[in-house]
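1. Please work out how this folds:
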Amino acid sequence: MYKNNHANHSNHLENHDLDNFSKTGYSNSRLDAHTVCISDPKLSFDAMTIVGNLNRDNAQALSKFMSVE
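-> Residues are numbered from 1 along each chain as shown. Just a heads-up that it's a prediction; the model follows:
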């Protein structure tokens, strides 16, 4: 099934123009600032979404690793 999905995605990329919604990128909503005014910029994250096939044990390990005390 993975090969079929990969082939379909490859065909889509070859046969269609990419629009803004199909491109991977970073949101600059929190990063927008004048570089002249900021000498030490700070980054913050409100939330993170992990996408993938995680089994229960790996999901718990990732959750424990990512949690802040």
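2. Roughly how far does residue 47 sit from residue 55?
-> According to CB to CB, to the nearest Å, residue 47 stands 23 Å off from residue 55. (Glycine included, C-beta is placed from N, CA and C.)
3. what about the two, which has more around it?
-> Taking other CB atoms under 10 Å, residue 47 and residue 55 do not tie; residue 55 has more neighbours (8 against 4).
4. Next, the contact list for the more buried one, please.
-> By CB atoms under 8 Å, 6 or more residues apart in numbering, residue 55 lies in contact with nothing.
5. State the distance from it to residue 46.
-> Residue 55 sits 27 Å away from residue 46, going by CB to CB.
6. same check, this time on residue 52
-> Counting by CB to CB - residue 52 and residue 46 are separated by 21 Å.
7. what's the answer for residue 54, then?
-> Remark: distance between residue 54 and residue 46 (CB to CB) = 22 Å.
8. okay, those two: which has more neighbours?
-> Using other CB under 10 Å, the more surrounded residue of residue 54 and residue 46 is residue 54, with 13 against 6.
9. Check the burial of the closest residue to residue 54 other than its chain neighbours by counting its neighbours.
-> Among residues not flanking residue 54 along the chain, residue 62 sits closest, at 6.7 Å (CB to CB, 6 or more residues apart in numbering). Applying other CB under 10 Å, we find 13 other residues in the vicinity of residue 62.
10. In three-state terms, label residue 62 for me.
-> Here residue 62 takes the helix state, with states given by DSSP: H, G, I helix; E, B strand; the rest coil.
11. Before we move on, what's the pLDDT of residue 57?
-> As predicted, residue 57 sits at a pLDDT of 89.
12. Please apply the same query to residue 20.
-> What the model reports for residue 20 is a pLDDT of 48.
13. Then residue 16?
-> Confidence at residue 16, expressed as pLDDT, is 52.
14. related to what we said a few turns ago, so the residue nearest to residue 54 is in contact with residue 52, correct?
-> No - the pair residue 62 / residue 52 is not scored as a contact, 9.6 Å apart, by CB atoms under 8 Å.
15. Can you list the low-confidence ranges for the chain?
-> 1-41, 43, 45, 69 (pLDDT under 70).
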